[in-house]
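Novice: Kindly generate the corresponding structure for this input.
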Amino acid sequence: MPTDNEIAARRFYQALATGDTALVDEALAADWEAVPALRTGPGADGWKKSIDHLRSVFSGLTVTIEHVVASGDMVAVRAVGRGVHVGELLGVEGTGREVEFRASDFHQVVDGRIVRTWHLEDHFGIAVQIGCEFTRGA
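Specialist: Residues are numbered from 1 along each chain as shown. Okay, the predicted model is just below:
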């Protein structure tokens, strides 16, 4: 049986997977903090904007939670997203390529809402899949 903390974490990813940003308000505390900070702005509104952006960049976006570990006020989640790259990302216009990206997050939950999320994502893997070119520095 999932804990309230795990349910909050699962809602976080369900919002991304479905585009139902109403779930964000159920998952996040009003003063939620993302570490590192989101480019789309702070708090729940920033996460909602990130969801809209990612769903516009990746057609058919799916999110699969592979592992969840809950302990005390912390919930660790390992997830994988998949979609077709159709919008601009990292300076690369949509390529039509199928992309898979992995993320690991540590969510701190208080009173059934996530108050802080530490996010690690494989940006390099995404960049390679969409065809970013890298050069060696001198």
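
Novice: How about the contacts made by residue 123?
Specialist: Residue 123 sits next to residue 90 when contact means CB atoms under 8 Å, 6 or more residues apart in numbering. Quick note: C-beta positions are derived from backbone N, CA and C, even for glycine.

Novice: For it, give me the pLDDT.
Specialist: Per-residue confidence (pLDDT) for residue 123: 90.

Novice: Spatially nearest residue to residue 114 (excluding sequence neighbours)?
Specialist: Distances taken as CB to CB, 6 or more residues apart in numbering put residue 107 closest to residue 114, at 4.7 Å, once the chain neighbours are dropped.

Novice: Could you list the low-pLDDT ranges of the protein?
Specialist: Scanning the chain for pLDDT under 70 picks out 135-138.

Novice: circling back: what about the residue nearest to residue 114, which helix or strand?
Specialist: strand 98-110 (DSSP states H and E).

Novice: how about the helices in this protein?
Specialist: 4-18, 22-27, 43-57, 123-130 (DSSP state H).

Novice: Of all the ones you listed, which one is nearest residue 90?
Specialist: helix 123-130 (5.5 Å; CB to CB).

Novice: one step back: tell me what the residue nearest to residue 114 is bridged to.
Specialist: Judged by DSSP bridges, the bridge partners of residue 107 are residue 75, residue 117.

Novice: Around it, how many other residues sit close by?
Specialist: 26 (other CB atoms under 10 Å).

Novice: again with residue 66
Specialist: Residue 66 is flanked by 10 other residues according to other CB under 10 Å.
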